[in-house]
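Asks: I would like the atomic coordinates for the input below:
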Amino acid sequence: MQPPKRATEFADLIGRIACWRNLGRKSLSAVNAAFVSLPLDRDWIYFPLYHFIVDDERRGFDRHLRYMRRHGDFISIDGAVDAMTNPRGIGGRYFCITFDDGVKNCVTNAVPILVEHHVPAAFFIATD
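Replies: Residues are numbered from 1 along each chain as shown. From the prediction side, this is the model:
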């Protein structure tokens, strides 16, 4: 395993600051999640949203997917739309992973982990 790269440019520095801010938020989320249980008495679809997965967040992202796998199934965004419009109901407990902003490290860091776990995901890419 390679050590994380150091920030060498201003853009890298801004990315690192955002990473630490994100890590703080995720840590608070993890603490809150320990006291919150997913509903077992009904069907649901959760839409976890990620903006980026920087180099040193890969293991954490892998753990997120493993946690979700223990509590439900993964569904594509098309599958989520189908489930939500099904007159018989959703029919299970699902996670629909999405990524905003089209950051390159979503492809370099998240996609290999998604492929390894056979998890579909939707990537929203900003154009122009």
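Asks: contacts, neighbours, all on C-alpha from now
Replies: Fine.
Asks: ok, which stretches of the protein are strands?
Replies: Taking DSSP state E, the strands of the chain run over residues 44-46, 49-50, 73-74, 93-95, 97-99, 121-123.
Asks: could you give me the average pLDDT of the third one?
Replies: Per-residue pLDDT over strand 73-74 has a mean of 96.
Asks: and it, what does it pack onto?
Replies: Helices and strands touching strand 73-74, by 3 or more CA pairs under 8 Å, 6 or more residues apart in numbering; DSSP states H and E, are strand 93-95.
Asks: list the contacts of the strand it packs on.
Replies: Contact partners of strand 93-95, identified using CA atoms under 8 Å, 6 or more residues apart in numbering, comprise 43, 44, 45, 46, 47, 48, 68, 71, 72, 73, 74, 75.
Asks: pretty sure the third one contacts residue 97?
Replies: The one in question is residue 45. No: using CA atoms under 8 Å, residue 45 makes no contact with residue 97, being 10.3 Å away.
Asks: so for residue 105, what's the pLDDT?
Replies: pLDDT for residue 105: 89.
Asks: just to revisit the earlier point, turn the strands of the chain into TSV, including mean neighbour count.
Replies: Compiled in TSV, these are given as follows (neighbours: other CA atoms under 10 Å):
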stretch	mean neighbour count
strand 44-46	18
strand 49-50	14
strand 73-74	18
strand 93-95	22
strand 97-99	19
strand 121-123	17
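Asks: okay, helices next: where are they in the chain?
Replies: With helices called from DSSP state H, the chain shows them at 10-35, 58-71, 77-85, 104-105, 111-116.
Asks: let's see the pLDDT reported for the residue positioned nearest the centre of the chain.
Replies: Nearest to the geometric centre of the chain sits residue 50, at 4.7 Å (CA atoms, centre = their mean). You'll see residue 50 listed with a pLDDT of 90.
Asks: cool, thanks, talk later.
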